[in-house]
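Undergrad: No letters, just coordinates:
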């Protein structure tokens, strides 16, 4: 795993579903993330999945043009984009290029690499920004882990 220094007190991780609801608003997302930045968070850990992670990365990239923040791409394994279509793969690799740092959690895919990535992000932040709409799956387990670690949780409503 790539080691970098992260000031946990100023770090926010994002977690959310791959499929977004029809009324999902990119502008609302960007406004919330701007408020998080204004509250003193300057480092953002993004899991690089489709859906919410991608939207957060894109919003943070726009915010970064105006404010000095860092985006850390937390990649669960090298083969993460293997099932992405060509357009998704292009965006994924563009985002990796734009990230300030890339943390590769596991070289190979395992049954646990996504969970390991999620725990890495929670263990290195003091705020978890979550798009949680159902009580099962990876996002749900990440939020539950954050609660046990006493990490503050901000829900996208």
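TA: Done, it's in. Remember, it's a predicted structure, so these values are computed and weren't measured experimentally. Numbers count the residues shown, from 1 in each chain.
Undergrad: Quick one: the helices in this structure, in order.
TA: In the chain, the segments counted as helices under DSSP state H are 26-38, 52-64, 86-98, 113-123, 138-148.
Undergrad: can those go into JSON lines with extra columns for mean neighbour count and distance to residue 131?
TA: The C-beta positions use only the backbone N, C-alpha and C, and glycine is treated the same way. Shown next, in JSON lines, are these (neighbours: other C-beta atoms under 10 Å; distance: least, C-beta to C-beta, whole Å):
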{"stretch": "helix 26-38", "mean neighbour count": "16", "distance to residue 131": "9"}
{"stretch": "helix 52-64", "mean neighbour count": "21", "distance to residue 131": "4"}
{"stretch": "helix 86-98", "mean neighbour count": "13", "distance to residue 131": "17"}
{"stretch": "helix 113-123", "mean neighbour count": "20", "distance to residue 131": "14"}
{"stretch": "helix 138-148", "mean neighbour count": "18", "distance to residue 131": "7"}
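Undergrad: quick one, which of these is nearest to residue 154?
TA: helix 26-38 (7.2 Å; C-beta to C-beta).
Undergrad: Averaged pLDDT, the closest one. What do you get?
TA: Regarding helix 26-38, the rounded mean pLDDT is 98.
Undergrad: Lovely, talk soon.
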